[in-house]
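Asker: Provide a 3D model corresponding to the input given below.
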Amino acid sequence: VPPPDAFRARVGVTRVQRIAEDAGVAGALSTNQILALVRAQGTTIPLEQWVICDAATPYSPAHWTSTHPVDSTLAYLQYTSGSTSAPKGVMVSHGNMTAQSRCITEAGCYDADSVTLSWMPHFHDYGLVKGIVQPAWIGRPAYLMSPLTFLKRPLRWLEAIQRYHVTHSGAPNFAYRRCVETIAAEDRARLDLSGWQVASCGAEPIADDTIDRFAEAFSPAGFRREAFFPAYGMAEYPLLISLKRESVAPTVLSLDPATLERGVVSEAKAGIAPVRQVVGCGAPVGDTRVVIAHPETLSRCAVQQVGEIWLAGASTTQGYWNNPEETARTFGATLRDTGEGPFLRTGDLGFVRDGEVFVTGRLKDLLIVRGRNHYPQDIERTVEQSHRLFRGGGAAAFSVQDAGEEVVVVVQEASCATRSTHRRRCRFPPLRRSRRVGAAVASSACTTCRPRRAASPLTRRAPPVLNEAAARSVSKTGPVLISQITA
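Answerer: Numbering: from 1, shown residues only. Down below sits the predicted model:
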């Protein structure tokens, strides 16, 4: 569970309380600092059974009671953010974790010499499964770093990879972009990343230019483009769905955005602009079966048609805790044209080409304006590139109702150069009309500069995946299990 922090104590404690009530927890493992913070908020959470780890007395191994779980035994609940609605606890069984760990071991190219490093929050499926469970499963060394350590100085991540001879370490797209933007050339020159075999990238949309810029910036340090492993996953599976294969560069398709708006996959013709670059997320892992289905007719889509990504396989989790209606809706899908099922509905849009999964967007994020479909990430990237003071990765596009008509609103973060003037009203030049987004973006804009708090990310809605602000909210400490990097 994400620990509450002093800067957002009320929100954090409320989230903990909602999760505790939903799960019916009997107790908690915590620290004196967090316990004091929870008490100060006047919570109704019963605190009698909280075990304070930094004051606990070690028990003798003789007190350990061995358990023998079967595949269907519940291992843990992986909770969603719960920022805008009641948090949902994904029920992960021991069988799910066994299947998933086998998939990760095979697809992720782990062997007897593998060493992992993770700075991802431990309450997130990426940090928990890939950073802690997977190394324990294969019995290989693993290092844990605080997310704050990375965010304060991204160079520390890459220095740790070199120092501890790490072969496997991954992060979301923003982390690779942050490395490129903040690490100086002289610091890059001192790095040796030749031993980094699998640099996985997932948990948020993957930008093709992030791959290009990172590979170019760190190739003098020995980083190989083939070591970049785009991935696709979700907590309901309970982490990894597909992953790029070994010894090949990431696949990037240049698609016609006009046909993509109509749900048709068509490669862009040479010399025609703009194009939509879509990064491939590799082949499904293990026994994972991927079906592309029409989200409304619930029938299988044609080969060159975009649809909702449905899944089946041993990694499929058991549903949502105490939520049978949502479990049936999400985990019990069947194809109407063939009767096949059940499938897990991911809510993601995409397609499969040559056995590789391509994710084009999120079903709930799709903007429909004047009868046309618009992917918000296309609009966001267009706006970000329209002015030198607009920060990359700092835009959020969404729709609102205006006089009965759906219109698009874009919130864009300005770079550090404008933050000192945030109390003044700053006017930017008119944004050029882009064919990529057509009528969805206004021809001009007037922006009021306001500071963005670290705890206030620009998102289209409460994000189900890790973002930079979520990483900031994690505690500085990590489990005693596995080696802990503190600097």
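
Asker: From residue 269, how far out is residue 260?
Answerer: Distance, residue 260 to residue 269, using C-beta to C-beta, to the nearest Å: 14 Å. Every residue, glycine included, has its C-beta placed from N, CA and C.

Asker: Kindly report the same for residue 76.
Answerer: Distance from residue 76 to residue 269, by C-beta to C-beta: 50 Å.

Asker: follow-up on the earlier one: which of residue 260 and residue 269 has more neighbours?
Answerer: More neighbours surround residue 260 than the other of residue 260 and residue 269, with 23 against 9 (other C-beta atoms under 10 Å).

Asker: for the stretch 151-300 of the chain, what spans make up the helices?
Answerer: Per DSSP state H, counting those that start in this stretch, the stretch 151-300 of the chain has helices spanning 155-163, 173-182, 185-189, 208-218, 257-261. These are given in chain order.

Asker: Is it possible to get JSON lines of these that adds mean pLDDT and distance to residue 363?
Answerer: Listed next are the helices of the stretch 151-300 of the chain as JSON lines, based on pLDDT from 0 to 100; distance: least, C-beta to C-beta, whole Å:
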{"stretch": "helix 155-163", "mean pLDDT": "98", "distance to residue 363": "33"}
{"stretch": "helix 173-182", "mean pLDDT": "94", "distance to residue 363": "20"}
{"stretch": "helix 185-189", "mean pLDDT": "95", "distance to residue 363": "39"}
{"stretch": "helix 208-218", "mean pLDDT": "95", "distance to residue 363": "22"}
{"stretch": "helix 257-261", "mean pLDDT": "87", "distance to residue 363": "15"}
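
Asker: These: which one's closest to residue 24?
Answerer: helix 173-182 (35.4 Å; C-beta to C-beta).

Asker: Show me what the closest one is packed against.
Answerer: Packing partners of helix 173-182 (3 or more C-beta pairs under 8 Å, 6 or more residues apart in numbering; DSSP states H and E): helix 155-163, strand 199-201, helix 208-218, strand 390-402.

Asker: can you do 7 Å?
Answerer: Under the contact definition 3 or more C-beta pairs under 7 Å, 6 or more residues apart in numbering; DSSP states H and E, helix 173-182 sits against helix 208-218, strand 390-402.

Asker: among the ones you listed, which is nearest residue 255?
Answerer: Closest of the helices and strands packed on helix 173-182 to residue 255 is helix 208-218, at 11.4 Å (criterion: C-beta to C-beta).

Asker: pull the CA atoms of that closest one into PDB?
Answerer: Output in PDB follows, covering the C-alpha atoms of helix 208-218 (Å, rounded to 0.1, in the frame of the first residue of the first chain):
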ATOM      1  CA  ASP A 208       9.800   6.200 -30.200                       C
ATOM      2  CA  ASP A 209      12.000   9.300 -29.800                       C
ATOM      3  CA  THR A 210      12.800   8.200 -26.200                       C
ATOM      4  CA  ILE A 211      14.300   5.000 -27.600                       C
ATOM      5  CA  ASP A 212      16.300   7.000 -30.200                       C
ATOM      6  CA  ARG A 213      17.500   9.700 -27.900                       C
ATOM      7  CA  PHE A 214      18.500   7.300 -25.000                       C
ATOM      8  CA  ALA A 215      20.300   4.900 -27.400                       C
ATOM      9  CA  GLU A 216      22.200   7.800 -29.100                       C
ATOM     10  CA  ALA A 217      23.100   9.500 -25.800                       C
ATOM     11  CA  PHE A 218      24.400   6.400 -24.100                       C
END
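
Asker: That helix to helix 155-163, inter-axis angle?
Answerer: 60 degrees (axes from the mean of the first three to the mean of the last three C-alpha atoms, to 10 degrees).

Asker: distance of residue 396 from residue 201?
Answerer: 21 Å.

Asker: The two - which one has more neighbours?
Answerer: Legend: neighbour count by other C-beta under 10 Å for residue 396 and residue 201, higher for residue 201 (24 against 19).

Asker: Who are the contact partners of the more buried one?
Answerer: Applying C-beta atoms under 7 Å, 6 or more residues apart in numbering to residue 201 gives the contacts 170, 171, 172, 173, 176, 228, 229, 230, 231.

Asker: Ok, residue 279 next?
Answerer: 206, 208, 211, 230, 250, 252.

Asker: Tell me how far it lies from residue 251.
Answerer: Where residue 251 is concerned, residue 279 sits at a distance of 7 Å (C-beta to C-beta).
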